[in-house]
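# got a predicted structure here, sequence first:
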Amino acid sequence: MRFYTYTPSGEKGMVLLTVVLLVAVLMALGTTAILQTSTDIKISGNYRVSRQAFYDADAGVQYLLNRLSADLGDSDPTTVNLTANPITLSYSTPGGFSFTLPTALISLGSNRYRCSVTGHGPNNSAAVLEVVFFTQRKSAFDFGLFTDGLLDIKADAHIYSYDSRDTPNPDTTTFPGASTGEADIGSNTQINTYMSTYIDGTLALGADSSYPPVDAAWKDQGTPTVNGEAGITVGRVDPDPLGANDPNSDLYKKFISIVTTNNNTTDENGAACPLAGSTDINLGNGETMTLTAGDYYITSIILKSGATLEIDATAGPVNIYLNGIVDAEDGDLEAKNGSAINNASQPTDFAIFSNSTQDIVFKHSSDYKGIVYAPNAHIEMKNSADVYGLVWGKTAAIHNSGEFYFDEALKDKFLSPYKYSVEIASWKDTAVGQ
């Protein structure tokens, strides 16, 4: 027996139509997939080249900030002059990069500046990064004890550090354990250390002013202890960061002003000055003199054994400006055996600025608290002399058992007129081109 299936002719047409529609849908899906893949590839390619442009711009930003940090961190204000209008830049793109550096900085006030760096990638892609950064003045002093010439540290001399803001009156019997490790010393010419010298900081070697510069030397004639980096080369250090010899500096102008206008008859509050118009301080054995707030023009200071020059900083700091060539026994300043200068106030309250070539000598068992800034003079600390503060001279010597205590608070008190640190405040990607 045979069975037959009957299919109406209309249903045959429906099957064909269904197949055609299915094929069309598959073709559409395939085409869409191909287009999507192609688009994804294009997007991926565009993203890749845009990222290359972005990374190039980012490299430019880092390069620019590093250059600014280096140039604003040295003592040459002509490299980048933040007081100019406009503030021009002349940096070239280093090899291997294609970023475009700015030719000027826009001042936003309050030590804030803005500029843009353009990075370049393949297919003419570009990314523009806008950067806002701020500057802060750095300390004028990178060292607690520094000389342009020879720094001679004899046997058993000790160099420590402390912060008078935290420890106003350090107990010397607790050193070296109480030292803060910041007693950095340096010279542009030579440092001599001898048996049992103790330095709680870095021993840095600068360089002379010749071209090319010659690095300073370190001569060790014993077994010194240097707790920081020993003999690190740092390049030439500015021997006169406050500008005692620079006619354009505030300190130089202050010398001119103090010499011509100060008569040492009254302090800045109008009280009678014990100098009574004299420019000499000459104290005999055991004598005492007190200076109160103000600026004083002095041509020589002689303290005999046991004499005391008190500094009363209740109403403000005291500054002595030493000027000129004088006929003193051992120089512009001589503190003899057992004498003391500023044994009651802090090193931040008292400073001696000298533009003279005469020696400054602290003799046996004398005490001194304050800054000694004498870039043209020799500074000497005799046996068992104790100096607290900061010492900056042409040359210096610490004799046997002499002790120097660097007060870190002085770094914040004296800021450089030229040296700045650079810190980024914000950045944004302002444009991406295809």
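Received, thanks. Residues are numbered from 1 along each chain as shown.

# got phi/psi on Arg114?
phi -130, psi 150 (degrees, to the nearest 10).

# what sits against it?
105-106, 108, 130-132 (CB atoms under 8 Å, 6 or more residues apart in numbering). Heads up, the C-betas are built off the backbone N, CA and C, glycines and all.

# how does it look with 10 Å?
Applying CB atoms under 10 Å, 6 or more residues apart in numbering to Arg114 gives the contacts 102, 105-108, 130-133, 425-426.

# how about Ala230?
193, 199, 202-205, 218, 220, 224 are the contacts of Ala230 under CB under 10 Å, 6+ apart.

# same thing but 6 Å
Leu203 (CB atoms under 6 Å, 6 or more residues apart in numbering).

# domain ranges for the protein, per the record?
1-138+419-434, 145-413 (automatic domain parsing).

# what about the longest strand in the protein?
Ordering each strand of the chain by length in residues (DSSP state E) puts strand 415-433 first.

# now that strand: average pLDDT?
Regarding strand 415-433, the rounded mean pLDDT is 80.

# same for it, what does it pack against?
helix 9-72, strand 126-139 (3 or more CB pairs under 6 Å, 6 or more residues apart in numbering; DSSP states H and E).

# and it, what's buried?
Across strand 415-433, burial judged by 16 or more other CB atoms under 10 Å covers 415-420, 422, 427, 432.

# just how off-centre is it within its chain?
17 Å (CA atoms, centre = their mean, to the nearest Å).

# PyMOL command to pick out the buried ones of the contacts of Arg114?
Listed next is the PyMOL selection for buried residues among those, using 16+ other CB under 10 Å:
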select buried, resi 102+105+107+130+131+133
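
# any chance of TSV for the contacts of Arg114, columns distance to Ser384?
Below are those laid out as TSV (distance: CB to CB, whole Å):
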residue	distance to Ser384
Pro102	57
Leu105	53
Ile106	57
Ser107	53
Leu108	54
Glu130	60
Val131	55
Val132	54
Phe133	49
Ala425	51
Ser426	55
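
# so what pairs up with Leu303 in the strands?
Leu283, Ala335 (DSSP bridges).

# which residue is the nearest non-sequential neighbour of Gly284?
Closest residue to Gly284 apart from its sequence neighbours, by CB to CB, 6 or more residues apart in numbering: Lys304 at 5.1 Å.

# hmm, back to that, could you save the buried residues of strand 415-433 as a markdown table and add columns showing distance to Asn124?
Supplementary listing: the buried residues of strand 415-433 in a markdown table, determined by distance: CB to CB, whole Å:
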| residue | distance to Asn124 |
| --- | --- |
| Leu415 | 46 |
| Ser416 | 44 |
| Pro417 | 45 |
| Tyr418 | 41 |
| Lys419 | 41 |
| Tyr420 | 37 |
| Val422 | 32 |
| Trp427 | 23 |
| Val432 | 12 |
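
# closest one of those residues to Leu251?
Nearest to Leu251 out of the buried residues of strand 415-433 is Pro417 (CB to CB; 9.3 Å).

# which of the helices and strands packed on strand 415-433 has the lowest mean pLDDT?
Minimum mean pLDDT among the helices and strands packed on strand 415-433: helix 9-72, a mean of 73.

# name the helices or strands packed onto the next helix or strand after it?
Tracing the chain past helix 9-72, the next element assigned as helix or strand by DSSP states H and E is strand 87-88. Applying 3+ CB pairs under 6 Å, 6+ apart, we find strand 87-88 packed against strand 104-109.

# how far does the strand it packs on sit from the chain's center?
22 Å.

# partner strands of it and their direction?
strand 87-88 (antiparallel), strand 112-120 (antiparallel).

# so the last one versus strand 126-139, what angle?
Using axes from the mean of the first three to the mean of the last three CA atoms, to 10 degrees, the direction of strand 112-120 lies 140 degrees away from that of strand 126-139.

# same question for strand 112-120, mean pLDDT?
Rounded mean pLDDT across strand 112-120 is 94.

# ditto for the shortest one
Regarding strand 87-88, the rounded mean pLDDT is 92.

# one step back: who are the contact partners of the residue nearest to Gly284?
If you count contacts by CB under 6 Å, 6+ apart, Lys304 has them with 284-285, 336.

# dump the residue contacts of Glu408.
The neighbours of Glu408, taking CB under 6 Å, 6+ apart as the test, are 163, 182.

# where's the closest residue in space to Ala104 that isn't next to it in sequence relative to Thr103, distance?
Spatial nearest neighbour of Ala104, chain neighbours left out: Pro86 (4.8 Å); criterion: CB to CB, 6+ apart. The gap separating Pro86 from Thr103 is 9 Å, by CB to CB, to the nearest Å.

# give me the beta-bridge partners of the closest residue to Pro170 other than its chain neighbours?
Excluding its sequence neighbours, the residue lying closest to Pro170 (CB to CB, 6+ apart) is Tyr162, at 4.9 Å. Beta-bridge partners for Tyr162, by DSSP bridges, are Asp407.

# number of nearby residues for Tyr162?
26 (other CB atoms under 10 Å).

# many thanks, have a good one.
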